[in-house]
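*Asks:* Sharing a model that was predicted from the sequence below.
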Amino acid sequence: MARGWESKSVEQQQEEATANVARGPRLTPEQVAEKQKRRSLELSRARIAQQLEAASNPKHRQMLESALKDLDAQLASDQ
């Protein structure tokens, strides 16, 4: 029984090593932080766009449109 568990562990380690290589080059901490920031901005933009579709109050729509413009500007400046 121990050999079965052992071989599965080795197989899993090999798969993880292969997956790490397939992901591409390693990123610096700064690149990782920038990528996370961009992803966060994209998610925020999607959420606000969805809220804008459902909003009926003109003042609320105006606030959401302003937030959307701000996020678009941040995303454009990061490129």
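*Replies:* Yep, that arrived. A quick note: this is a predicted structure, and the numbers were derived from the prediction, not measured.
*Asks:* shaky segments in this protein?
*Replies:* 1-8, 18-24 (pLDDT under 70).
*Asks:* so is the most centrally placed residue in the chain in a helix, a strand, or just coil?
*Replies:* Centroid-nearest residue in the chain, with C-alpha atoms, centre = their mean: R39, separated by 3.7 Å. Secondary structure, DSSP: H, G, I helix; E, B strand; the rest coil: R39 is helix.
*Asks:* what's it in contact with, if anything?
*Replies:* Counting by C-beta atoms under 8 Å, 6 or more residues apart in numbering, R39 touches no other residue. The way it works is simple: take the backbone N, C-alpha and C, and place the C-beta from them, glycine included.
*Asks:* going forward, begin numbering at 41 instead of 1
*Replies:* Renumbered: residue one is now 41, and that last one reads R79.
*Asks:* From I88, how far out is it?
*Replies:* Separation of R79 from I88 (C-beta to C-beta, to the nearest Å): 15 Å.
*Asks:* cool, S106 as well?
*Replies:* In terms of C-beta to C-beta, S106 sits 10 Å off from I88.
*Asks:* before we move on, what about Q52?
*Replies:* Q52 is 41 Å from I88, by C-beta to C-beta.
*Asks:* Which one of those two is surrounded by more residues?
*Replies:* Taking other C-beta atoms under 10 Å, Q52 and I88 do not tie; I88 has more neighbours (19 against 10).
*Asks:* Touching, that one and D110? I think so.
*Replies:* No. Look at I88 against D110 with C-beta atoms under 8 Å: they stay out of range, at 9.5 Å.
*Asks:* where does L92 land in three-state SS?
*Replies:* Under three-state DSSP, L92 comes out as helix.
*Asks:* Let me know the secondary structure of R66.
*Replies:* Recorded secondary structure, R66: coil (three-state DSSP).
*Asks:* residues near it, how many?
*Replies:* Neighbour count of R66, defined by other C-beta under 10 Å: 8.
*Asks:* Against L83, how distant is S106?
*Replies:* Distance, S106 to L83, by C-beta to C-beta: 18 Å.
*Asks:* how near is S96 to L111?
*Replies:* Distance, S96 to L111, by C-beta to C-beta: 21 Å.
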